[in-house]
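[1] Predicted structure and sequence below. I'll ask about it afterward.
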Amino acid sequence: MGGDGSAGGVAQSTTDLLVKAGYLYQSSAGIYTLMPLAQRVVGKIESVVDAEMQRVGGQKLSMPSLLTPENWIATGRLQSTGEELFSLKDRKGSTMLLGPTHEEEITAIVKDMVRSYRQYPLRLYQTTRKFRDEARPRAGLLRGREFIMKDMYSFDVTKDQAISSFDALEAAYRRCFDRIGVPYAVADADSGNIGGSLSKEFHFVSSAGEDTLLVCGGCGYTANEERAQSTCDGGSQGRGVGVYRVSACDGKRVVSKGLAVVAAEHQPSALKIRQALPGAAQATLAVVLEGTYGADDEPALRQVLSRGAGRAEDAFLLLDSCAESRLPAGCVEAGRDGASAGVQAGDWHVATAGDVCGKCQSGRLEAQRAIEVGHIFYLGDKYSRALDLTTLHQGQRTHVQMGCYGIGVSRILQAAAECCNADGRGLRWPLAIAPYRAAIVPLDGAGRVEELYSALSAVHVCGSRVFEGEIAVDDRSHLSAGFRLHDAQLLGIPVTVVMGKRFAAESIVEVQLRVPMLDLPSEIAGATVEGDGYEYKAFVHASRLGEFLALALEGSARAAMCRL
């Protein structure tokens, strides 16, 4: 079945479990071979993704992993991506890139092949290996140097049409993750190096995650901690303000400079500040504390604000909404609309757990650890303008509006294992992506395996034969019963049917269920069910096996079988 016949009780990392169970083989730092069991998991993830991408009109293609740098130079990403970009030279000395993403390539393809506005909208996608030179590869497939990713690119004539594409793909992503069956969150996010003005992330909720989401306990607003919006707490008015000197440099000259004023208990957000400054998207940003000022420091505060904002005509002052009411009257003549020259009022601080939600203005933000598994972007004309992809709209040439949508396929494999490995006995796969949905372990009565195999294949759950072609038989009779049962737990097969002594004598099998989010009653189909929330066991007569499994799995809100 893939394991080595040993499943210890010592706590192990998920990567260790995946290696031990025969899913992964580590070839080198950050690079893994997907063994047959892992390949089955990946195949099922791809099947779910393909179905939902094609449901929204996606057409699948395959772009090269080896790319030329010219288009990357044109978009400015060759420099901004930095050392994470793998590059090599061919025998003629020409530089080639190993693609971490394909915005430039797909834009060039559409520019060369699409001739009329009537060919839009266009949604093209691929699932392929990508490469990133991680400084510190870690956490198995979560932070590797080579990975499998699905990336879709949308092309529309107008912004409204592009936003409609974004909304359609967000809905498709939600359906993908609903079907996979792991609890997930959708968060407002930063667009990062890819660019664009609208972005959302999809995360599996896990205490082992590297990302932090801030979630409002009142309205449910969710954002990553860099992007989250929060407002001031009326009980902290006396804490004063922090004044920060800000400068943005493109390597040759200072493109923007000024001050940012935030509440003393907050830190300034480099991300939000960068987005507010013209010409600073690719610049180096420096944010340095000038000083912290309380109620007794009014003269000094007036002096630093006057000096900082008035030094040059192009100097700016970013006034955080949480700091505005703490400034002395007349200290900065700016309304909330930022009408005064050089002053922008808004949210310029890093939100933290415990802050008041910036959306509903009443709930509190709570921190939640998570693993990012998908990211969608509205790109606008960032790439079409740089590479001159245009079309006709109302008789005039206009740059095509784009979006891009990524799902980390191999990342989902590791993240699902991470989220569902909660009991230390082994893996627990959601039914939708398990390498096999059921395993038969014949300890006695091996001559009747085919009989049980046929009976299990005929089981209907939600109207489908969900186990047909999805059953593994552990025929390693040279191993002890204990080793084989431990392996079934280690591998995380959702349903294990054990043919023990009672099967030979009474046609009774032991059924073990390791299905995430399963919550079973104490009796099903006349069989007593015992379990701890992570694994359930019951002795079931073979004639009622189908009835038992149908009732058990249909009763699971997260089994996702009805959507396969």
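    Right, received. Where do you want to start?
[2] any idea of the pLDDT on Gly546?
    Per-residue pLDDT puts Gly546 at 89.
[3] Setting the sequence-adjacent residues aside, check what's closest to Leu141.
    Gln414 (3.8 Å; Cβ to Cβ, 6 or more residues apart in numbering). Yep, even glycine has a C-beta here, placed from its N, CA and C like the rest.
[4] That neighbour looks like it's in a helix, true?
    Yes: counting by DSSP: H, G, I helix; E, B strand; the rest coil, one finds Gln414 located in a helix.
[5] Distance of it relative to Gly209?
    Counting by Cβ to Cβ, to the nearest Å, the gap from Gln414 to Gly209 is 11 Å.
[6] quick one: which of those two has more around it?
    Shown here are Gln414 and Gly209; by other Cβ atoms under 10 Å, Gln414 has more neighbours (28 against 20).
[7] Common neighbours of Gln414 and Gly209, please.
    Residues touching both Gln414 and Gly209 (Cβ atoms under 8 Å, 6 or more residues apart in numbering): none.
[8] Please identify the buried residues of the longest helix out of those in the chain?
    Ranked by residue count under DSSP state H, the longest helix found in the chain is helix 159-180. When burial is assessed from 16 or more other Cβ atoms under 10 Å, helix 159-180 yields the following buried residues: 162, 165-166, 168-170, 172-173, 175-180.
[9] Now the element after the helix or strand bottoming out on mean pLDDT in the chain, going C-ward?
    Counting by mean pLDDT, DSSP states H and E, the chain has its least confident helix or strand at helix 298-310, which shows a mean of 74. Next along the chain after helix 298-310, taking DSSP states H and E as the criterion, comes strand 316-320.
[10] re the thing from before, just the mean pLDDT for the longest helix of the chain, thanks.
    For helix 159-180, mean pLDDT rounds to 97.
[11] Now tell me what touches that helix from outside.
    The contact list for helix 159-180, computed with Cβ under 8 Å, 6+ apart, reads 45, 48-49, 52-53, 55-56, 120-121, 123, 152, 154, 156, 184, 186, 198, 200, 202, 373-374, 376, 378, 380, 401-403, 405, 407, 412, 416, 430, 432-433, 560, 563-564.
[12] still on that earlier bit, I'd say the residue nearest to Leu141 and Arg143 touch.
    No: look at Gln414 against Arg143 with Cβ atoms under 8 Å: they stay out of range, at 9.4 Å.
[13] Please enumerate the shared neighbours of those two.
    What both Gln414 and Arg143 touch, as defined by Cβ under 8 Å, 6+ apart, is an empty set.
[14] Checking my notes, Leu545 in a strand, right?
    No: applying three-state DSSP, one finds Leu545 to be helix, outside a strand.
[15] how close does it sit to Lys150?
    37 Å.
[16] Does the residue of the chain positioned farthest from its centre lie in a helix or a strand, and which?
    Ranking residues of the chain by C-alpha distance from their mean position (Cα atoms, centre = their mean) puts Ala505 at the top, at 50.1 Å. Per DSSP H and E: Ala505 is located in helix 501-506.
[17] Now do that helix: which elements does it pack against?
    For helix 501-506, the elements it packs on are strand 508-513, judged by 3 or more Cβ pairs under 8 Å, 6 or more residues apart in numbering; DSSP states H and E.
[18] Sheet partners, orientation included, of the strand it packs on?
    The pairing partners recorded for strand 508-513 under DSSP bridges are strand 495-499 (antiparallel), strand 536-541 (antiparallel).
[19] Show the average pLDDT along that strand.
    93.
[20] now the angle from the helix or strand hosting Met149 to helix 159-180?
    Per DSSP H and E: Met149 is located in strand 146-156. Angle between the axes of strand 146-156 and helix 159-180 is 140 degrees (criterion: axes from the mean of the first three to the mean of the last three Cα atoms, to 10 degrees).
[21] Parallel or antiparallel, which strands does strand 146-156 pair with?
    When pairs are called by DSSP bridges, strand 146-156 turns out to pair with strand 122-131 (antiparallel), strand 401-408 (antiparallel).
[22] So which of those strands is nearest Arg239?
    strand 401-408 (40.7 Å; Cβ to Cβ).
[23] Near Pro299, how many other residues are there?
    Pro299 sits with 10 neighbouring residues when counted by other Cβ under 10 Å.
[24] ugh, typo on my part, it should be Ala283
    The tally of other residues near Ala283 (other Cβ under 10 Å) stands at 18.
[25] what packs against the helix or strand where Ile440 lies?
    Using DSSP H and E, Ile440 sits within strand 438-442. Secondary-structure packing of strand 438-442 (3+ Cβ pairs under 8 Å, 6+ apart): helix 449-457, strand 471-473, helix 481-491, strand 495-499.
[26] hmm, back to that, reformat the strands paired with strand 146-156 as JSON lines; add mean neighbour count.
    Converted to JSON lines, the strands paired with strand 146-156 look like this (neighbours: other Cβ atoms under 10 Å):
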{"stretch": "strand 122-131", "mean neighbour count": "19"}
{"stretch": "strand 401-408", "mean neighbour count": "26"}
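[27] how about those, which one is nearest Glu554?
    Among the strands paired with strand 146-156, strand 401-408 comes nearest to Glu554, with 27.9 Å by Cβ to Cβ.
[28] Need phi/psi at Gly30.
    With angles defined as degrees, to the nearest 10, Gly30 sits at phi 80, psi 10.
[29] Without its sequence neighbours, what residue ends up closest to it?
    Pro137 (2.6 Å).
[30] Which residue ranges of the stretch 151-300 of the chain form strands?
    184-188, 198-205, 211-216, 222-224, 230-231, 241-249, 254-263, 284-293 (DSSP state E, counting those that start in this stretch).
[31] can you tell which of those strands is closest to Asp474?
    Ranking these by proximity to Asp474 (Cβ to Cβ) places strand 198-205 first, at 29.5 Å.
[32] Rounded mean pLDDT for that closest one, please.
    In the prediction, strand 198-205 has an average pLDDT of 94.
[33] Just the residues contacting it, thanks.
    163, 166, 170, 173, 177, 182-192, 209, 211, 213, 224, 368-378, 407, 412, 415-416, 418-419.
[34] If we use 6 Å, what do you get?
    173, 182-187, 189, 191, 370-378, 415, 419 (Cβ atoms under 6 Å, 6 or more residues apart in numbering).
[35] now do stretch 86-100
    In contact with stretch 86-100 (Cβ under 6 Å, 6+ apart) are residues 65-67, 69, 130-133.
[36] Flag every buried residue along that stretch.
    So for stretch 86-100, counting by 16+ other Cβ under 10 Å, buried means 86, 96-100.
[37] repeat for stretch 388-396
    Buried residues in stretch 388-396, counting neighbours by 16+ other Cβ under 10 Å, are found at 389-391.
[38] domain assignment for the protein?
    As given by automatic domain parsing, the domain ranges for the chain are 14-227+367-417, 230-350, 429-563.
[39] Just send those domains back as a markdown table, with distance to Gly358 too.
    Formatted as a markdown table, the domains of the chain follow (distance: least, Cβ to Cβ, whole Å):
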| stretch | distance to Gly358 |
| --- | --- |
| domain 14-227+367-417 | 8 |
| domain 230-350 | 5 |
| domain 429-563 | 31 |
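[40] By mean pLDDT, show me the worst of the ones you listed.
    Among the domains of the chain, domain 230-350 scores lowest, with a mean of 78.
[41] Start and end of it, how far apart?
    One end of domain 230-350 to the other measures 8 Å (Cα to Cα, to the nearest Å).
[42] got CSV for the helices and strands packed on strand 438-442, with mean neighbour count and distance to Leu271 too?
    Putting these into CSV (neighbours: other Cβ atoms under 10 Å; distance: least, Cβ to Cβ, whole Å) gives the following:
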stretch, mean neighbour count, distance to Leu271
helix 449-457, 16, 52
strand 471-473, 19, 47
helix 481-491, 21, 42
strand 495-499, 25, 46
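[43] among the ones you listed, which is nearest Gly76?
    helix 481-491 (46.7 Å).
[44] The closest one: how far from the chain's middle?
    In this view, helix 481-491 has its centroid 32 Å away from the chain centroid, taken as Cα atoms, centre = their mean, to the nearest Å.
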